[in-house]
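*Asks:* the sequence and its predicted three-dimensional model are supplied below.
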Amino acid sequence: MAETDTLLMKRVTYDELKNGSYEISGDDYGIISDYFIKPTKDALLTNPNYDGSKTAVNILYLNGKIVGRRIFMQTRIKTGEGFMLAQTGGGLEIHENFQGKGLGTMLLQDSVLNREYPIHIGQLYSSGAISIFRKMDVAIFEKPLYYKLCRSQSVLAAKGFKGFSLSFLALFGDVFLKIQNLPNLMKIRDLKKRFTVKKENLIPEWVNDITLNDGHKYTEIHDQKWLQWNLDHMFSANPKDKNCFYSVYDKNGSPKGFYMTKERFEENKKGMFKNLIRGTVVEWGSVNKSELSEVELNLLALATFSPDVDKINTVISSEGVGKDIESLGFSYRGMYQMTFKAGKDCKSDITDQNKWRIRYGGCDTILV
């Protein structure tokens, strides 16, 4: 940037977002107007931890033009027997014409250093964003991320295949993947002799005991109200996108666990996938892990994704089950990060990852 360039960051509160009283002149690139579509605004304004006086979005101006943004959300953290309010967020964007100038770093640093709550927490970062956080005074927790390929067309399309050749190769690729998945179908059949899976529109209250009392001292509070909010909302208007919640009961009708999934269409102009529908196991819990394990919940989830899902992602929380999840056809992709900045009133052990209940679906990751 030139010495004559003028940078300005401006915060818009939730009340201003709700009332439409914020100013977006200079939004030539649609950084604000294209992001705050009706589903996104509806989701943000119905957050069960909503506080209208707090910041909804931090807008970055360069020479009077909006070139970047970062949204903020309120959440709660369980701290032993009590809880603390925390600030989280997402939606980081710097227009492509202005990337590589340190503007993303500026927005991320401001979100941590000038937060409005004692705790900052965040998840689902790009490699560029997490590299910025690694240079900051924040704790970074990591869990292994796995993916399972279900359809081959998105991979072949990313390699440049089109038309008849794409359809022909995808047909054979999908047949191979279906044959590879046959052992899972047999395992699912055996599991369903023990358990009944029910798709829910209303989250049952018994999930509170699972998510809040699983033995971890710290967790983002994913209670019934929070899960229902995530089930009912998305930052998307794409009809192919969906969030789903499933309860698992034994044959006597007693609840034994749950899992939650989402499906999103991704255009992906670059990378190994193109125009794919990605499924994700975003939340799960079990009354008794020895009776219904994390791996078994992921196995049950495989049977409830839409048939047009190209790839399924999951983050594994339990230790020592890597080979078990890989036996279902999942491949290790890397580490999934969660960032945490503690306030002065926090206990020293709050940065101990082993004391945390961590799921893929934290912060805003189910909504996006």
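*Replies:* Cool, got the structure. This one's a predicted model, so the numbers in the text were calculated from it and none came from an experiment. Numbering: from 1, shown residues only.
*Asks:* secondary structure element for Met106, which one?
*Replies:* Met106 belongs to helix 103-113 when elements are defined using DSSP states H and E.
*Asks:* no no, Lys18
*Replies:* With elements delineated by DSSP H and E, Lys18 resides in helix 14-19, which encompasses its position.
*Asks:* for Glu296, same thing?
*Replies:* In this structure, Glu296 is located in helix 294-302 according to DSSP H and E.
*Asks:* continuing past that helix, what's the next helix or strand?
*Replies:* Elements were assigned by DSSP H and E; along the chain past helix 294-302, the next helix or strand is strand 311-315.
*Asks:* so for that next one, mean pLDDT?
*Replies:* Mean pLDDT, taken over the full extent of strand 311-315, equals 97.
*Asks:* now the angle from it to helix 294-302?
*Replies:* Calculated by axes from the mean of the first three to the mean of the last three C-alpha atoms, to 10 degrees, strand 311-315 forms an angle of 150 degrees with helix 294-302.
*Asks:* in the helix or strand just after strand 311-315, which residues are buried?
*Replies:* Past strand 311-315, further along toward the C-terminus, the next helix or strand under DSSP H and E is helix 322-326. Neighbour counts over helix 322-326 (16 or more other C-beta atoms under 10 Å) mark Asp324, Ile325 as buried. Heads up, the C-betas are built off the backbone N, CA and C, glycines and all.
*Asks:* can I get helix 322-326 as CSV, trimmed to CA atoms?
*Replies:* The C-alpha coordinates for helix 322-326 follow below in CSV (Å, rounded to 0.1, in the frame of the first residue of the first chain):
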residue,chain,number,x,y,z
GLY,A,322,-7.6,-43.5,13.9
LYS,A,323,-7.4,-47.0,12.5
ASP,A,324,-11.1,-47.6,13.3
ILE,A,325,-12.2,-44.5,11.4
GLU,A,326,-9.9,-45.4,8.5
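*Asks:* now the angle from the following helix or strand past it to helix 103-113?
*Replies:* Secondary structure here is assigned by DSSP H and E; on that basis, the next helix or strand after helix 322-326 toward the C-terminus is strand 331-341. Here strand 331-341 points in a direction 50 degrees away from that of helix 103-113 (the same axes, to 10 degrees).
*Asks:* looking at strand 331-341 now, give me its mean pLDDT.
*Replies:* On average, the pLDDT along strand 331-341 is 95.
*Asks:* quick one: strands adjacent to the next helix or strand along the chain from that strand?
*Replies:* Along the chain past strand 331-341, the next helix or strand (assigned with DSSP H and E) turns out to be strand 356-357. Next to strand 356-357 in the sheet, as set by DSSP bridges, lie strand 218-220 (parallel).
*Asks:* avg pLDDT for the strand it pairs with?
*Replies:* Averaging pLDDT along strand 218-220 yields 96.
*Asks:* run through who's touching it.
*Replies:* Residues outside strand 218-220 that contact it (C-beta atoms under 8 Å, 6 or more residues apart in numbering) are 75-80, 86, 121, 211-212, 350, 355-358, 362-363.
*Asks:* narrow the residues you listed to just the buried residues.
*Replies:* When neighbours are counted using 16+ other C-beta under 10 Å, the contacts of strand 218-220 contain these buried positions: 75-79, 86, 121, 211-212, 350, 356-358, 362-363.
*Asks:* re the thing from before, what packs against the helix holding Met106?
*Replies:* For helix 103-113, the packing partners by 3 or more C-beta pairs under 8 Å, 6 or more residues apart in numbering; DSSP states H and E come out as strand 7-13, strand 55-62, strand 65-79, strand 82-94, helix 127-133.
*Asks:* which residues are in contact with Gly334?
*Replies:* Counting by C-beta under 8 Å, 6+ apart, Gly334 touches Pro144, Leu145.
*Asks:* I'm done for today, thanks for sticking with me.
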